[in-house]
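In: Sequence and predicted structure are below.
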Amino acid sequence: MAGTHTEPALGIVPTQEETLLREAVAGICASFGREYMQQKRDANEPPRELWDALAARGYMGVNIPEEYDGGGLGMTALSWVGEEIAAAGCSLLLIVVSPAIVGNILDKHGTLEQKERWLRGIGAGTTKIAFAITESDAGSNSHKLSTSLRRDGSRFILNGQKTFISGVEDADAVLVVARTRLADGELGLPSLAIVDVDAPGFTRQSIPMAVRGADRQWTLFFDDVELEEERLIGGENGGLGVVFDGLNPERIMGASISTGVGRLALSLGAAYAREREVWGRPIGAHQGVAHPLAEAKVQLELARLMTQKAAALYDAAAPGAGESANMAKYAAAEAAIHCVDSAIQAHGGNGFALEYGLSDLWWAARVARTAPVSREMVLNYVAEHSLGLPKSY
């Protein structure tokens, strides 16, 4: 299985297990559909019913070890789930953060008690934990985080702010990255702490976004939030190494969702090009319409292949997993944008009409070029780590 950390294996021909899993997830999502997601968005409600339906079949924790009520199939299987959900027009941001980021961090760095308390629920899909690292003043520089965690006897006091944090409205808790406040007042290494969403001193404010989705973005405020030491994952001063055991899965899932969005856009664009007739023939018969869609299809399939490679390397704990995860995220974001843009162009003026849904897909695709890591930072990584060029920042 993918989660057993053996030699990496990249299966080009889908196995029966993959085919059945994809078909089952797609079938569940089809029973809800894009209309359900639009209704949830308009009602300002999280898509909880869809999550629960997928969790009941074991799909929201398919990467979590079996001993903690997961599927034991690693990031490879979770990436299948994420892609199929997005391809059905039902993207769930919490799948990126709860099972992928938090689940993998807990699996690798949690104590037995912490795994029993939180990882088991993530595996079953009944516990949802968001992830908070981004700060407005730090940007992409995680070394400049200012949210602090100060020891006070046997407890810790959390203070600071986070921004652009996804899915808090439907989460039970948030895994917060903070830096230890040292005795001299300086900030030390990062630590990770799980904070309940109803903890005293923890408040939040919704961020209005151009992206039209059921999931929301938040600014979080921590004002003397008291935490027990048992809520620190990886211990005090765990460092960025603990964090990155969750960020590579985040990149893989970001890539999977992007490829799903690309698939959906291409299916809409190609269907319209087959059916729409001008001058007595389908517009898809004209190369000016067909070739951009075909080019986007090529780019999409290349991105899907890199995403499969990244998941396989991560599950095998093999060298190159971080490089592949970054490349997959970059390639998938660019491919999704290309797919959506080509589909909009094929629709002509209808591409901008809300009833066709492509304008919503545009923002869903475009955000992936910036988040969770910008294309520029991915290129910095590749230049430095893959090509051995001098660090540029």
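Out: That came through, no problem.

In: got a list of what the residue nearest to the spatial centre of the chain touches?
Out: In the chain, the residue lying closest to the centroid (Cα atoms, centre = their mean) is residue 96, at 3.0 Å. Each residue near residue 96 by Cβ atoms under 8 Å, 6 or more residues apart in numbering is listed here: 82, 166, 250, 253, 254, 257, 372. From N, CA and C alone the C-beta is placed, and that goes for glycine too.

In: same question, residue 192
Out: 105, 175, 176, 177, 178, 232, 233, 234, 238, 242, 243.

In: how close does the first one sit to residue 327?
Out: Just to be clear, that refers to residue 105. 22 Å (Cβ to Cβ, to the nearest Å).

In: of the two, who's got more company?
Out: Higher neighbour count among residue 105 and residue 327: residue 105, with 25 against 22, using other Cβ atoms under 10 Å.

In: Spell out the secondary structure type for that one.
Out: For residue 105, the assignment made with DSSP: H, G, I helix; E, B strand; the rest coil gives helix.

In: what do you get for residue 114?
Out: Applying three-state DSSP: residue 114 is helix.

In: mind listing what it touches?
Out: 106, 230, 233.

In: and the contacts of residue 192 as JSON lines, adding secondary structure?
Out: Below are those laid out as JSON lines (three-state DSSP):
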{"residue": "105", "secondary structure": "helix"}
{"residue": "175", "secondary structure": "strand"}
{"residue": "176", "secondary structure": "strand"}
{"residue": "177", "secondary structure": "strand"}
{"residue": "178", "secondary structure": "strand"}
{"residue": "232", "secondary structure": "strand"}
{"residue": "233", "secondary structure": "strand"}
{"residue": "234", "secondary structure": "coil"}
{"residue": "238", "secondary structure": "coil"}
{"residue": "242", "secondary structure": "helix"}
{"residue": "243", "secondary structure": "helix"}
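
In: which of the residues you listed has the most neighbours?
Out: residue 178 (28 neighbours).

In: What separation do you get for that one and residue 321?
Out: In terms of Cβ to Cβ, residue 178 sits 26 Å off from residue 321.

In: The spatially closest residue to residue 140 that is not a sequence neighbour: neighbouring residues, count only.
Out: Closest residue in space to residue 140, ignoring its immediate chain neighbours: residue 377 at 5.1 Å, by Cβ to Cβ, 6 or more residues apart in numbering. Neighbourhood size, residue 377 [other Cβ under 10 Å]: 16.

In: isn't residue 377 right next to residue 141, touching?
Out: No. Using Cβ atoms under 8 Å, residue 377 is not in contact with residue 141, being 9.7 Å away.

In: who touches residue 136 in this structure?
Out: Contacts of residue 136 (Cβ under 8 Å, 6+ apart): 161, 163.

In: quick one, phi psi at it?
Out: phi -60, psi -40 (degrees, to the nearest 10).

In: just to revisit the earlier point, among the contacts of residue 114, which one sits closest to residue 301?
Out: Ranked by distance to residue 301 (Cβ to Cβ), the contacts of residue 114 are led by residue 106 at 33.6 Å.

In: Which segments of this structure make up each domain?
Out: 2-128, 131-238, 241-386 (automatic domain parsing).

In: that older thread, please work out the average pLDDT along the helix or strand hosting the residue nearest to residue 140.
Out: Element membership for residue 377 (DSSP states H and E) is helix 375-381. Mean per-residue pLDDT for helix 375-381: 96.

In: Now residue 249. Nearest residue, chain neighbours left out?
Out: Using Cβ to Cβ, 6+ apart, the nearest residue to residue 249 is residue 100, at 4.1 Å.

In: A strand includes that neighbour, no?
Out: No. Using three-state DSSP, the secondary structure at residue 100 is helix, not a strand.

In: where does it land on pLDDT?
Out: In this model, residue 100 carries a pLDDT of 98.
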